[in-house]
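Chemist: Here you go, sequence then predicted model.
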Amino acid sequence: MEKPAQFRVETNIYGNVGWNLRKPGPDEDTHTRGQFFKFPTEHVADGPHYVFNNSWVLRAPLAKKMRFSHFVHLNNAIDYYEADPSVTAPLGKNFNDPAPAGSQKEETLKFEGEHFTRAWQYLGIRFDGDVINHPSFPGVLRKASFPIGADAKGQSPNFTNQVPGLPRGLMTDSWIDAVDLTVLRPDGTVAAAIDGTTHQMGAWQGNDLIRMEDPVFWSHWPGRQKRCEVS
């Protein structure tokens, strides 16, 4: 009997605009900073997971602890509502703590309980092409051994209006080139998703939100043809 083809689980998050401005819980609560991406303690998802060309205004770190595999974060435009660098650092306030030497699993996972993983090469993590308005990004984070790509920029994306709920306010007043993105499809082939010569960073491409005709994995998804015939 012929074996069925093996498929990976792929995530694509792109073209979103959003604001994270409100502090949850009562005013006296000191544990309401949170983080934008919440990752598990040890589980390593198959992936790949692509987060690209989004525009956000945040008040919390992107990720401050744990790990996630095959996580690709590209061409996102991010500004911060609260500017205190000690609490808004994109990779957590403890990003400068030295990771344990060697590769002892128990020590590494204990470290990652309070720090975002440093094992980027092992886990297939990539950050590049992002424009993030924070003093630690990207230079200070690179010095702390986070291999952020050469095309990441530590500057304001210059959103035209940060009023919450106004999508066009997260347009930018200048064009900053995106970096190329080629994605791995579930069947193991690759496809070009972002062309750095025709796309800019962020969700808005001129006057229009970034769009793709179909998700790049759609034509390879198991059972798609059967569902289309039924419908």
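Modeler: In hand now; what should we look at?

Chemist: okay, which residue is most central for this structure?
Modeler: The centre of the chain sits closest to His73, judged by CA atoms, centre = their mean, with a distance of 3.6 Å.

Chemist: three-state assignment of it?
Modeler: Following DSSP: H, G, I helix; E, B strand; the rest coil, we place His73 in the strand state.

Chemist: Report the contact partners of it.
Modeler: Counting by CB atoms under 8 Å, 6 or more residues apart in numbering, His73 makes contact with Val51, Phe52, Leu62, Ile125, Arg126, Phe127, Asp128, Asp130. Just so you know, the C-beta spots here come from the backbone N, C-alpha and C atoms, and that holds for glycine as well.

Chemist: how does it look with 10 Å?
Modeler: For His73, the contacting residues are 13, 37, 49-52, 54, 62-63, 90, 125-130, 148-149, 152, by CB atoms under 10 Å, 6 or more residues apart in numbering.

Chemist: Write a ChimeraX command that selects only the buried members of these.
Modeler: Here is the ChimeraX command that selects the buried residues among the contacts of His73 (16 or more other CB atoms under 10 Å):
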select :37,49,50,51,52,54,62,63,90,125,126,127,128,129,130,148,152
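
Chemist: Among the contacts of His73, which are located in strands?
Modeler: When these are checked against strands (DSSP state E), the matches are Ile13, His49, Tyr50, Val51, Phe52, Arg126, Phe127, Asp128.

Chemist: Tell me, what's the model's pLDDT at the residue nearest to the centre of the chain?
Modeler: Reading off the confidence values, His73 has pLDDT 97.

Chemist: What distance do you get for it to Val179?
Modeler: Between His73 and Val179 the computed distance is 11 Å (CB to CB, to the nearest Å).

Chemist: shared neighbours, those two?
Modeler: Counting by CB under 10 Å, 6+ apart, the contacts common to His73 and Val179 are Phe52, Asp128, Gly129, Asp130, Gly149, Ala152.

Chemist: which one of those residues sits closest to Asn96?
Modeler: Ala152 (17.8 Å; CB to CB).

Chemist: what's the closest non-adjacent residue to the closest one?
Modeler: Pro138 (4.3 Å; CB to CB, 6 or more residues apart in numbering).

Chemist: And for the one you found, the neighbour number?
Modeler: Pro138 is flanked by 22 other residues according to other CB atoms under 10 Å.

Chemist: and if you look at Thr11?
Modeler: The number of residues packed near Thr11 is 16, by other CB under 10 Å.

Chemist: For the closest residue in space to it that isn't next to it in sequence, which residues are in contact?
Modeler: Counting by CB to CB, 6+ apart, Thr11 lies nearest to His49, which is 4.2 Å off, once chain neighbours are set aside. Each residue near His49 by CB under 10 Å, 6+ apart is listed here: 9-13, 37, 68-73, 124-125.

Chemist: Using JSON lines, please lay out these together with distance to Gly165.
Modeler: Listed next are the contacts of His49 as JSON lines, based on distance: CB to CB, whole Å:
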{"residue": "Val9", "distance to Gly165": "32"}
{"residue": "Glu10", "distance to Gly165": "30"}
{"residue": "Thr11", "distance to Gly165": "26"}
{"residue": "Asn12", "distance to Gly165": "24"}
{"residue": "Ile13", "distance to Gly165": "20"}
{"residue": "Phe37", "distance to Gly165": "22"}
{"residue": "Phe68", "distance to Gly165": "29"}
{"residue": "Ser69", "distance to Gly165": "34"}
{"residue": "His70", "distance to Gly165": "33"}
{"residue": "Phe71", "distance to Gly165": "28"}
{"residue": "Val72", "distance to Gly165": "29"}
{"residue": "His73", "distance to Gly165": "25"}
{"residue": "Gly124", "distance to Gly165": "35"}
{"residue": "Ile125", "distance to Gly165": "32"}
